[in-house]
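> Give me a model of this one.
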Amino acid sequence: MNGTRLRILHLHSSFAPGGKELRAARLMNAFGSEVDHAVVSAQPGAYGALAALDPGLAVTCPQDFPSLQGRPGPLRLLRLAKAMRGFDLVLTYNWGAMDAVLAHRLYGAWLGLPPLVHHEDGFNEDEAGGLKPSRNGFRRIALARASALVVPSQRLEAIALQAWHQPRARVRLIINGIDTAACRGVPSPDAVPGLVKAPGGKWVGTLAGLRAVKNLPRLVRAFAALPDDWRLVILGEGPERGTIEAQAEACGIAERVHLPGFVSAPSRVVGLFDIFALSSDSEQFPISVVEAMAAGVPIASPAVGDVAEMVPVENRPFVTPAGDEAALADSLARLAADEALRASIGAANQGRAMADYDEGTMIRAYRETYARAMGRSAFP
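From the prediction side, this is the model:
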């Protein structure tokens, strides 16, 4: 330990605002101002989720930390391992930080490195269609010294146990939770920056990083046949903005598709949506779905990750086969046409979120996992 303050190193595949990044930010906020955090992103400059942190936290982004990207040669891995010294706990996130996990595995005992907990939240487009055997083997080797492997979905838990051959004792399933009460209020019509929901307006909405794996052009096409009084509101930022805008132009609905950018507090806006929609090629346990459920909004989504199990039975007919664009479009059309159906499904969703997905349970589970890794009775 470094005095009485804990020092935690976070090594992210990206710290641009997305589900796992905003969950990490909520946990950092919950741990309070007595913990020092150092945050590193494998993608240079991808630090947008810092906006979700409480201003009173002690957070640095060390610019001299070795790159998390590159060939995993011995000297580069040694540099990564040496950079982990001086911390009390190392937290790594997703494939983009896996070289650091391997560095800890190879040099951790020799250098006396702190314990490491790895988090896996899903896959980018390069593994959305199937796992790569080479990466399975890499993970299997790299994770051998990790104190814990945290996953948010039953599907990822099965992958960790079967494809990555992780021992049962190392794998920890922690379901994503949110501040469900914060999502229940009625948002102001102008809660989305630069956009106002008109009286009687109807929105299909989503919260997503604008990345290829989210396949948001598919959502644009599925939405295109809805009546003219409907709008599609996509909240997020990322490299696919131009592709999404081009698809809206091609469908002749550019004036009905809005991309206002990232919002730091989804709980304040998600209740403006009349339908929440996903179109991803890969998900695990998307926090955005829980936020929409807590706000009393029905969900239209492909059956990716645990989505079909997350929603109550009333919503399951609108969770359609993965990749079936016509089925997604049909779900949107049926929900758009029936206000009473939307209300009844939304009420069921809200009840499920309140009962099963409150963030208090999640935060306690993370505290216990990190404390156990450090050999402590409590964290922080």
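> Look up how far residue 129 lies from residue 304.
For residue 304, the distance to residue 129 equals 12 Å [CB to CB, to the nearest Å]. The C-beta positions use only the backbone N, C-alpha and C, and glycine is treated the same way.
> typed the wrong thing, it's residue 10
29 Å.
> what about residue 50, how many neighbours?
17 (other CB atoms under 10 Å).
> ok so, going back, neighbour count winner among residue 304 and residue 129?
Comparing residue 304 with residue 129 by neighbour count (other CB under 10 Å), the higher total belongs to residue 304, at 24 against 10.
> what residues are up against residue 76?
66, 70, 99 (CB atoms under 8 Å, 6 or more residues apart in numbering).
> nearest spatial neighbour of the second one, skipping sequence neighbours?
So that's residue 70. Distances taken as CB to CB, 6 or more residues apart in numbering place residue 76 nearest to residue 70, at 5.7 Å, with adjacent residues excluded.
> The one you found should be in a helix, yeah?
Yes: under DSSP: H, G, I helix; E, B strand; the rest coil, residue 76 sits within a helix.
> per-residue confidence at it?
As predicted, residue 76 sits at a pLDDT of 98.
> what do you get for residue 1?
According to the prediction, residue 1 has pLDDT 44.
> for residue 379, same thing?
For residue 379, the predicted pLDDT is 89.
> so it touches residue 371, yeah?
Yes: Residue 379 is within contact range of residue 371, at 3.7 Å (criterion: CB atoms under 8 Å).
> Comparing the two, which shows the higher neighbour count?
residue 379 (18 against 15).
> if I pick that one, what's in contact with it?
Neighbours of residue 379 in contact, by CB under 8 Å, 6+ apart: 6, 31, 367-368, 370-371.
> same check, this time on residue 367
Contacts for residue 367 (CB under 8 Å, 6+ apart) come out as 378-380.
> Please tell me how far it sits from residue 10.
16 Å.
> now do residue 18
When residue 18 is compared with residue 10 (using CB to CB), they lie 14 Å apart.
> of those two, who's got more company?
Higher neighbour count among residue 18 and residue 10: residue 18, with 28 against 24, using other CB under 10 Å.
> from what I can see that one touches residue 207, true?
No: Residue 18 is beyond contact range of residue 207, at 9.3 Å (criterion: CB under 8 Å).
> what's the overlap in contacts for those two?
Shared contacts of residue 18 and residue 207 (CB under 8 Å, 6+ apart): residue 236.
> In contact with residue 322, which residues?
281, 302-304.
> how about the nearest residue to it, chain neighbours excluded?
Nearest to residue 322 is residue 302, by CB to CB, 6+ apart, at 4.4 Å.
> cool, residue 53 as well?
residue 25 (5.3 Å).
> The nearest residue to residue 190 once chain neighbours are set aside in helix, strand or coil?
Leaving aside its sequence neighbours, residue 190 sits nearest to residue 196 (CB to CB, 6+ apart; 4.7 Å). Following three-state DSSP, the label given to residue 196 is coil.
> Check whether residue 196 really touches residue 189, as I assumed.
Yes: using CB under 8 Å, residue 196 and residue 189 qualify as a contacting pair, with a distance of 5.4 Å.
> Count the residues that sit near residue 74.
Neighbours of residue 74 (other CB under 10 Å): 10.
> let me fix that: residue 7
There are 17 residues near residue 7, going by other CB under 10 Å.
> And it, how close does it get to residue 68?
Applying CB to CB to residue 7 and residue 68 gives a distance of 19 Å.
> re earlier: TSV please, covering the contacts of residue 379 and showing pLDDT and secondary structure.
As requested, the contacts of residue 379 are exported to TSV (pLDDT from 0 to 100; DSSP: H, G, I helix; E, B strand; the rest coil):
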residue	pLDDT	secondary structure
6	95	strand
31	95	helix
367	97	helix
368	97	helix
370	98	helix
371	97	helix
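> Mind giving me the packing neighbours of the top helix by length along the chain?
For the chain, the helix that runs over the most residues, judged by DSSP state H, is helix 339-356. Counting by 3 or more CB pairs under 8 Å, 6 or more residues apart in numbering; DSSP states H and E, the packing neighbours recorded for helix 339-356 are helix 287-294, helix 325-336.
> Tell me which other helices or strands the last one touches.
In other words, helix 325-336. Counting by 3+ CB pairs under 8 Å, 6+ apart, helix 325-336 packs on strand 202-207, helix 216-223, strand 275-277, strand 299-302, strand 319-320, helix 339-356.
> can I assume residue 234 sits in a strand?
Yes: assigned with three-state DSSP, residue 234 falls within a strand.
> contacting residues around it?
Neighbours of residue 234 in contact, by CB under 8 Å, 6+ apart: 205-206, 208, 210, 216, 219, 244, 257-259.
> residues near residue 79, how many?
Neighbours around residue 79, by other CB under 10 Å: 15.
> For residue 66, see how far away it is.
5 Å.
> any common contacting residues for residue 304 and residue 129?
residue 281.
> Need the contacts of residue 322 in JSON lines (columns: pLDDT and distance to residue 157).
Listed next are the contacts of residue 322 as JSON lines, based on pLDDT from 0 to 100; distance: CB to CB, whole Å:
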{"residue": "281", "pLDDT": "93", "distance to residue 157": "20"}
{"residue": "302", "pLDDT": "97", "distance to residue 157": "20"}
{"residue": "303", "pLDDT": "96", "distance to residue 157": "17"}
{"residue": "304", "pLDDT": "93", "distance to residue 157": "16"}
